[in-house]
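Visitor: Below are the sequence and a predicted model for it; my questions follow.
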Amino acid sequence: MMGAPLNTGQIVSGIGHIGVIGWALFGGVFTAEPLPFEVTEVTAISSEEYAALVAPQESPDAASDIVTPDAPEIDDATPDVAATPDEPPEVTQPDVTEVTEPDAIPDVPQPAPETEVTDEPPVLEPPSEDVAVLLPTPTVRPKPRPAPRVAPEPVAQPEPDTAIDDIVQEETTPSEEAETVQDETEATSPEEATTEIVTEAEELAVLAAPTASLRPQTRPQRAAQTEPTEDTTPSTDAVNDALAEALGTGGTDTTPEPTGPPLTGGEKDALRVAVEKCWNVGSLSSEALQTTVVVGVKMSEDGKPQTNSIQMLSSSGGSDAAAQQAYEAARRAIIRCGASGYDLPVEKYDRWRDIEMTFNPEKMRIK
Amino acid sequence: MMVRVLTLLLALSIWGLPVSAQDGGPLRIEITEGVIEPLPFAVPDFVGDGGAAAELGRQISDVIAADLTGTGLFREISPDAFISQITSFASPVQYADWKAINAQALISGAVSVDASGQLIVQFRIYDVFSGQELGQGLQLVGTQDGWRRIAHKVADQVYSRITGETPYFDSRVVFVAESGPKDVRQKRLAIMDYDGANVKYLTDSASIVLAPRFSPSGDRVLYTSYETGFPRIYVLDVANVGRQALENQQGTMSFAPRFAPNGQTVVYSLSTGGNTDLYTMDLASGANSRLTSAPSIETAPSYSPDGSQIVFESDRSGSPQLYIMPAGGGEARRISGGNGRYGTPVWSPRGDLIAFTKQSKGRFHIGVMRLDGSEERLLTASFLDEGPTWAPNGRVIMFTRETQGEQGRSSLYSVDITGRNLRQLSTQTGASDPAWSPLQK
């Protein structure tokens, strides 16, 4: 009685082994040897051909990288700056704050630490001449000083050029004085000017380079940061919540239970881009440029931010002072670009009544 | 167990998304891309209560505007564009009028002269778009002659209040004023406000002078003079222009002096028997101490702000490179690694960067690098750029640029450490070898 099952097992095993061996023998498992030899000829490809081959391979990557539509957006920012006159229409609203102003008027506190500006010139050589010559300099008000080099982050387009032009002129003027050595001076001074531009370009390249190279870093970060913000509770809680909700036992703990669908990615992006256009970090200290601030704002139904609801919720990466400057820049951005109302879907007002914006200058940093 | 885990994962994947999407909290977005551009500001003439005060008010607002604009971080809105005028310092600000011209910061002020002839300047800074005052109003008092300093101090407050950087406008620069053609150039020490105003000469042009350097408190200047035919180091009192030579060994050359942060020790180069090494001298006792003893040339020393280390230039590796060693001497580590010749290193007052001159491929550059030599960034390029000096806040670098040719002229330039905002200072004569003072008290 014991032999039969054993035999059956052995038979099954035997058949299996025979099958495997047979497949190995006839199925071509041991017959694939000759193939590798032909591969060697591939080495004949020249470097140009290789580059040609590689190029098409890379392009899809590049194309996929380009998906970020950021660059065109910031072009919009530049026209904005130039188009200051456009703004008058939106002026009416926020004047309310003036009411608070009167308290500020009465007294100017007197921190008189600066009192001693006694910078008595020690009796010296003929300073009067120099002073006389130098005084006019300040009196001529440098009105439209050409130097404000507007450098919108990605590619500086219109105005920066003019600024750079001015510098080029400065660069070239001395060479005209030096015309006695014609060949050399004329040759070098244009060079000098161009090198200046190159230097600016180098600098711009430095600006641009980190931005480009940082992108890959930032993306994961963005993902990493949205996750924690959206489900702030550890994953197990999320599971519990999910299960609870699935079972219908989960209590709705959020007060303004939003109705209707959430904002689409496009709608969120539009808001983000609109704020980014006004987020000017050009006048921030290096420390403030390392400070991320989270700013909360309540919105009116017309899409305008309620100015006095704006507050800093948290900051990281810098001192309190740096956070304050970073926050003020963020506040300016929210107010300025929201002056005529952000383009948000009214029917989803419940979804964007309160907004928390994280201003992360990592990509804008110039180290 | 495995099944349970899978179920959990499945539940998470199915329910996780809808849950986060249904989150009833605030809408959250992240802003990572912004713009970099100068911040537009308006500084109407400070209101003056009389002829002289009104004139001073106008000049003060001009200087404030020039200071802020000169940083490259701000852009002045022309007074022609103003919709409302500030006629009284006490009346409330019409924010709408300033918003309309996109003035993001507004500086208003008043100037008066009291019975004793003291100039009193009050001012406030407004964040126009949020309709708030930034900080509190301030009042400065000084002599009428010192109105430029008061203006610089106002601008300093505005600058640091808005940017978060420490200020630097109320500072001075000592430099070598140059006149005449290159072969018979006359040089004399001069001092001026950081913006080129109020030039005063500290020495005559009888002998060649080089490399002036401020003491940490700005009251004294070290420099090298060829008065005796050999380069010797002198220390000059800025207030009374009195000067005296440091004690040197006879017949040797000493140069490239610089104060330690304690203001008592001087580090310098001393050349004896064809070999140049670094020494320190205690000013009070005159005691010398040798820091290096290599057969190569060691020069251009500069202390770290805490006085614990010295960065200097040495050709011990065959070409001039930058090294850092302990302030008392000892093993030095090389920090410059790129191709080219590096010189005149200067430690940033913030302590985080070294500015230097680099010669490479026939051109000169002013650059900065971190203390370990990383993140080298060249800020300028020209026929001849050299001798960087830091603004008191470590944000701006001033240097000498010389043009080519017999008539080549030296002048002073400044550049932001980002490499932007390259500017030439207007000086009456040629100018070289600048050294920036600390912020004045």
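Guide: Nice, I can see it.
Visitor: my hunch is that residue B:97 is in a helix, does that hold up?
Guide: Yes: Residue B:97 forms part of a helix when assessed by DSSP: H, G, I helix; E, B strand; the rest coil.
Visitor: how does chain A divide up, domain by domain?
Guide: Annotated domains of chain A cover A:157-234, A:264-367 [automatic domain parsing].
Visitor: Could you tell me the least trusted of those domains?
Guide: Mean pLDDT is lowest for domain A:157-234 out of the domains of chain A, coming in at a mean of 37.
Visitor: How much space separates residue B:222 from residue B:90?
Guide: For residue B:222, the distance to residue B:90 equals 49 Å [C-beta to C-beta, to the nearest Å]. Heads up, the C-betas are built off the backbone N, CA and C, glycines and all.
Visitor: The residue in the stretch 151-300 of chain B that chain A sits nearest to: what's it in contact with?
Guide: Across the stretch 151-300 of chain B, no residue is closer to chain A than residue B:164, which sits at 3.6 Å (C-beta to the nearest C-beta). Residues near residue B:164 by C-beta atoms under 8 Å, 6 or more residues apart in numbering or on different chains: A:284-285, A:287-288, A:321-322, A:324-326.
Visitor: what about 10 Å?
Guide: By C-beta atoms under 10 Å, 6 or more residues apart in numbering or on different chains, the contact list for residue B:164 reads A:283-289, A:291, A:318-319, A:321-326, A:328-329.
Visitor: Buried ones among those residues?
Guide: A:283-289, A:291, A:318, A:322-326, A:328-329 (16 or more other C-beta atoms under 10 Å in any protein chain shown).
Visitor: Also near chain B: which of those residues, exactly?
Guide: When C-beta under 10 Å from any C-beta of the partner chain is applied, the members of those adjacent to chain B are A:283-289, A:291, A:318, A:322-326, A:328-329.
Visitor: okay, residue B:222 and residue B:90: which has more neighbours?
Guide: Neighbours were counted for residue B:222 and for residue B:90 using other C-beta atoms under 10 Å in any protein chain shown; residue B:222 has more, 23 against 12.
Visitor: Which of the helices or strands spans the more buried one?
Guide: Using DSSP states H and E, residue B:222 sits in strand B:220-225.
Visitor: Run me through the strand neighbours of that strand, direction for each.
Guide: Applying DSSP bridges, strand B:220-225 is found paired with strand B:209-214 (antiparallel), strand B:232-237 (antiparallel).
Visitor: out of those, deepest packed?
Guide: Stretch with highest mean neighbour count among these: strand B:209-214 (a mean of 23; mean count of other C-beta atoms under 10 Å in any protein chain shown).
Visitor: Please report how far the spatially most central residue of chain B lies from residue B:234.
Guide: Centrality entry for chain B: nearest residue to the mean C-alpha point is residue B:391, 1.3 Å, by C-alpha atoms, centre = their mean. Residue B:391 sits at a distance of 25 Å from residue B:234 (criterion: C-beta to C-beta).
Visitor: repeat for residue B:381
Guide: 34 Å.
Visitor: can you check residue B:77 too?
Guide: Shown here: residue B:77 relative to residue B:234, a distance of 47 Å by C-beta to C-beta.
Visitor: Next: residue B:29.
Guide: According to C-beta to C-beta, residue B:29 and residue B:234 sit 62 Å apart.
Visitor: same check, this time on residue B:168
Guide: Distance from residue B:168 to residue B:234, by C-beta to C-beta: 27 Å.
Visitor: before we move on, the earlier item: can you tell me which of the ones next to chain B among the buried ones among the contacts of residue B:164 lies closest to residue B:279?
Guide: Of all those, residue B:279 sits closest to residue A:286, with 35.2 Å by C-beta to C-beta.
Visitor: quick one: secondary structure of residue B:339?
Guide: Secondary structure state of residue B:339, per three-state DSSP, is coil.
Visitor: Next one, pLDDT for the residue in the stretch 301-441 of chain B that chain A sits nearest to please.
Guide: Distances between the stretch 301-441 of chain B and chain A by C-beta to the nearest C-beta are smallest at residue B:419, namely 3.4 Å. Per-residue pLDDT puts residue B:419 at 88.
Visitor: For it, give its distance to residue B:377.
Guide: Computed as C-beta to C-beta, the residue B:419 to residue B:377 distance reads 7 Å.
Visitor: higher neighbour count, the two?
Guide: Per other C-beta under 10 Å, whichever of residue B:419 and residue B:377 has more neighbours is residue B:419, with 23 against 18.
Visitor: The more buried one sits in which helix or strand?
Guide: Assigned by DSSP H and E, residue B:419 falls outside every helix and strand.
Visitor: That one is in contact with residue B:396, isn't it?
Guide: No: the pair residue B:419 / residue B:396 is not scored as a contact, 11.5 Å apart, by C-beta atoms under 10 Å.
Visitor: hmm, back to that, can you tell me how far the residue of the stretch 301-441 of chain B closest to chain A is from residue B:72?
Guide: 11 Å.
Visitor: Look at the closest residue in space to residue B:178 that isn't next to it in sequence and say how many residues are nearby.
Guide: Of all residues not flanking residue B:178 in the chain, residue B:430 sits nearest, at 3.7 Å (C-beta to C-beta, 6 or more residues apart in numbering or on different chains). Residue B:430 sits with 23 neighbouring residues when counted by other C-beta under 10 Å.
Visitor: Residue A:13 falls within a strand, correct?
Guide: No: under the criterion used here (three-state DSSP), residue A:13 is helix, not part of a strand.
Visitor: tally of neighbours for it?
Guide: Residue A:13: 10 neighbours (other C-beta under 10 Å).
Visitor: cool, and residue A:269?
Guide: By other C-beta under 10 Å, 14 other residues sit near residue A:269.
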